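Peer 1: what's the 3D shape of this:
(4 chains)
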2 protein chains.
Amino acid sequence: MLYKTPYICNIIYYSMLSGKFAISVHILTLLTKFPNDYLSSEFIAGSMNLNPVLVRKEIANLKAHHIVESKEGKNGGTKLAVDASKLTLKEVFEMTFEKIGLGYAKNQPNPDCPVGKKINENLAVLYAEMNQKVSLQLNDVTLEDFSAQF
Amino acid sequence: MLYKTPYICNIIYYSMLSGKFAISVHILTLLTKFPNDYLSSEFIAGSMNLNPVLVRKEIANLKAHHIVESKEGKNGGTKLAVDASKLTLKEVFEMTFEKIGLGYAKNQPNPDCPVGKKINENLAVLYAEMNQKVSLQLNDVTLEDFSAQF
DNA sequence: AAAACTGTAACTTTTTTTATTACTAAATAA
DNA sequence: TTATTTAGTAATAAAAAAAGTTACAGTTTT
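Peer 2: Now for the predicted structure:
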């Protein structure tokens, strides 16, 4: 009897690409430039010099947000599912789960120290304001605007 | 004959702490709270739950910018060298070499693709504007303001 | 002279990111 | 109807980055 892998993944493992926003914007710009074609992950990966599997993972996220659609099989690929003039970079920003900020120390600070106890909370307030300002900025740039620069 | 290490380091190796800004702000807040004491790296590390050597490395950077001073030897440590009401978080931001942004894809994009060729340049323009807005925000917060929250 | 610090080099370990391999499923075209 | 191309995704491996550790020279203070 042949053992067949059951094609199930219990461990939810998702590569956390460091530049998710940059990668998503790159993908979306390409799709905007070729609005009538289904672009393959291989082609997109070629423009980004990135592994095609990682491109497909990012596309999976964009698909979950219904801004692109894919077609499997020969001549398959991905194309834009929305109007580039209607999609703002703020929406892309939110889809990539990214947050602006200047980081937190990795370890949990000492709760017995008055500073340690509240440092992350106070930094969070500072960073929240940053996010608000950045969101306003990104809300003014549509994918069409951004793509028109190329 | 005993071999003695020559106390020279040719390879410039500097741990690139991910939350340099957060760590520096934490250190500076502690120094502001205890303006009359030289705080040891051990003490600071205890509040941050971080290795003392890493604290000393961050302090080295702050020293290079002349905003703190250290004293070696017994009862030594670090204290603020400037007025907390004169130092803004924008200055700290700049000292930690941090830049706001949403990242770049790690690999160099394909220069033969019109999008790959210009993607980083166009993202940089976007990010530059973000930095400007964030700088304006941080310029309004002094170390004294921030520390007063604790 | 002992003790308590800073400063910093040289590793080591851990964690995070990125890449690869492998295979299922789907769609197309010859 | 069969070969081919493509998406989707699991599992693993490799590479890179971050954090931690050890060790010790040099400084002050007591």
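
Peer 1: going forward, measure contacts between C-alpha atoms and count neighbours the same way
Peer 2: Will do.

Peer 1: in chain A, mark out all the helices, start to finish.
Peer 2: For chain A, the helices defined by DSSP state H cover A:20-33, A:41-48, A:52-64, A:89-95, A:114-139, A:143-147.

Peer 1: which one of the ones you listed lies closest to chain B?
Peer 2: helix A:41-48 (4.5 Å; Cα to the nearest Cα).

Peer 1: got the contact list for that closest one?
Peer 2: When contacts are defined by Cα atoms under 8 Å, 6 or more residues apart in numbering or on different chains, helix A:41-48 is touched by residues A:26-27, A:30, A:51-53, A:55-56, A:77-78, B:105, B:107-113, B:115-116.

Peer 1: what's the answer for stretch A:57-73, then?
Peer 2: Here stretch A:57-73 has contacts from A:20, A:23-24, A:38, A:76-82, A:95-96, using Cα under 8 Å, 6+ apart.

Peer 1: okay if I get these as a markdown table plus distance to B:E129 and pLDDT?
Peer 2: What follows is these, written out as a markdown table (distance: Cα to Cα, whole Å; pLDDT from 0 to 100):
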| residue | distance to B:E129 | pLDDT |
| --- | --- | --- |
| A:K20 | 19 | 90 |
| A:I23 | 19 | 95 |
| A:S24 | 20 | 96 |
| A:Y38 | 33 | 97 |
| A:G76 | 38 | 96 |
| A:G77 | 34 | 97 |
| A:T78 | 31 | 97 |
| A:K79 | 30 | 97 |
| A:L80 | 27 | 98 |
| A:A81 | 29 | 97 |
| A:V82 | 27 | 98 |
| A:M95 | 21 | 93 |
| A:T96 | 20 | 90 |
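
Peer 1: contacts with chain B among these, please.
Peer 2: A:20, A:23 (Cα under 8 Å from any Cα of the partner chain).

Peer 1: narrow the contacts of stretch A:57-73 to just the buried residues.
Peer 2: A:20, A:23-24, A:38, A:77-80, A:95-96 (16 or more other Cα atoms under 10 Å in any protein chain shown).

Peer 1: can you list the weak-confidence ranges in chain A?
Peer 2: For chain A, applying pLDDT under 70 flags the ranges A:1-18.

Peer 1: ok, back up a step: with distance to A:M130 as extra columns, can I get the contacts of stretch A:57-73 in a markdown table?
Peer 2: Below are the contacts of stretch A:57-73 laid out as a markdown table (distance: Cα to Cα, whole Å):
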| residue | distance to A:M130 |
| --- | --- |
| A:K20 | 19 |
| A:I23 | 22 |
| A:S24 | 22 |
| A:Y38 | 37 |
| A:G76 | 40 |
| A:G77 | 37 |
| A:T78 | 33 |
| A:K79 | 33 |
| A:L80 | 30 |
| A:A81 | 31 |
| A:V82 | 28 |
| A:M95 | 18 |
| A:T96 | 17 |
